[in-house]
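Asker: For reference, the sequence and a predicted model appear below.
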Amino acid sequence: MEITWYGLSCFRLTERGMISVVTDPYDDSVGLPALKLKADVVTVSHDAPGHGAIKSVKTTRRVITGPGEFEIGGVFITGVRMATSKKDKEKEDVANILFVFEYAGVSVAHLGDLTAVPTQSQIEDLGTVDIALVPVGGGNALSPSKAAEVISLIEPSIVIPMHYKTYKEGPNLDTEAGFLKEMGISELEPLPSLKVTKSSLTEETQVVLLEPASS
């Protein structure tokens, strides 16, 4: 399968002969380049301009915004309600949905705007995770230290950081530097996309940086 990142929490997951999925499409009002994507399925972790701009993607099959189990075009998708984030004391909590995608034996977990380290039982709800897409830039999501702690609990084969500062005009987030330091990495060369198969996965957790792609 191939994983392409477009900035913030927006990824496109593809596999030959299976459906394509776009996660958390953002609106260009957040300061990032406008998205022009196509996908069979769009998933949204929560309703916010940086995560739920469904109109930014031409969708042919379905939009999933809540928890549940779905089988679409040979891909198994599980939505799990996890932590919530408070915007302010006067407003209600904003739900955050984590999604796990099963592509030909490879499981990918998108943690959305996770704010707190999950309990062990919540981690078990995700099942086995081969690739974790983890917010690392703070804001309303995990700080670098909390992101590292979550990774130690999930123990994925591959970690792809997301939701961090990549554009000067973008949201007020930290860059990836603090997270890499937490993981004991001094420097890492970003890739344009990640192509992975079940046989290419390793037991030891690896961090993969992706360059934001243009759509």
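Answerer: Received the coordinates, thanks. As the structure is a prediction and not an experimental result, all values here were calculated from the model.

Asker: Which parts of this protein are helices?
Answerer: Assigned by DSSP state H, the helices in the chain fall at 120-125, 144-154, 177-182.

Asker: Output these in JSON lines; the columns should cover mean pLDDT and mean neighbour count.
Answerer: To be clear about C-beta, it is placed using only N, CA and C from the backbone, and glycine gets the same treatment. Below are the helices of the chain laid out as JSON lines (pLDDT from 0 to 100; neighbours: other C-beta atoms under 10 Å):
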{"stretch": "helix 120-125", "mean pLDDT": "88", "mean neighbour count": "12"}
{"stretch": "helix 144-154", "mean pLDDT": "95", "mean neighbour count": "19"}
{"stretch": "helix 177-182", "mean pLDDT": "95", "mean neighbour count": "18"}
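
Asker: Lowest mean pLDDT among the helices and strands of this structure, which one is it?
Answerer: Within the chain, no helix or strand scores below strand 75-85, which has a mean of 82 by mean pLDDT, DSSP states H and E.

Asker: Residues touching that strand, excluding its own?
Answerer: Strand 75-85 is contacted from outside by 15, 18-19, 21, 41, 43, 64, 66-71, 93-103, 111-116, 118, 122, 125-127, 140-141, using C-beta atoms under 8 Å, 6 or more residues apart in numbering.

Asker: which ones are touching E204?
Answerer: Residues near E204 by C-beta under 8 Å, 6+ apart: S157.

Asker: From here on, call the first residue 646.
Answerer: Got it, the first residue is 646 from now on, which makes the last one we talked about E849.

Asker: about what we covered before: just checking: what are the partner strands of the least confident helix or strand of the chain?
Answerer: strand 713-717 (antiparallel), strand 739-748 (antiparallel) (DSSP bridges).

Asker: quick one: average pLDDT of the shortest one?
Answerer: I take that to be strand 713-717. On average, the pLDDT along strand 713-717 is 96.

Asker: Check the gap between R726 and F715 for me.
Answerer: Between R726 and F715 the distance is 15 Å, computed by C-beta to C-beta, to the nearest Å.

Asker: looking at the strands paired with strand 720-730, which is buried most?
Answerer: Among the strands paired with strand 720-730, ranked by average contacts under mean count of other C-beta atoms under 10 Å, first place goes to strand 739-748 (a mean of 22).

Asker: Sounds good, over and out.
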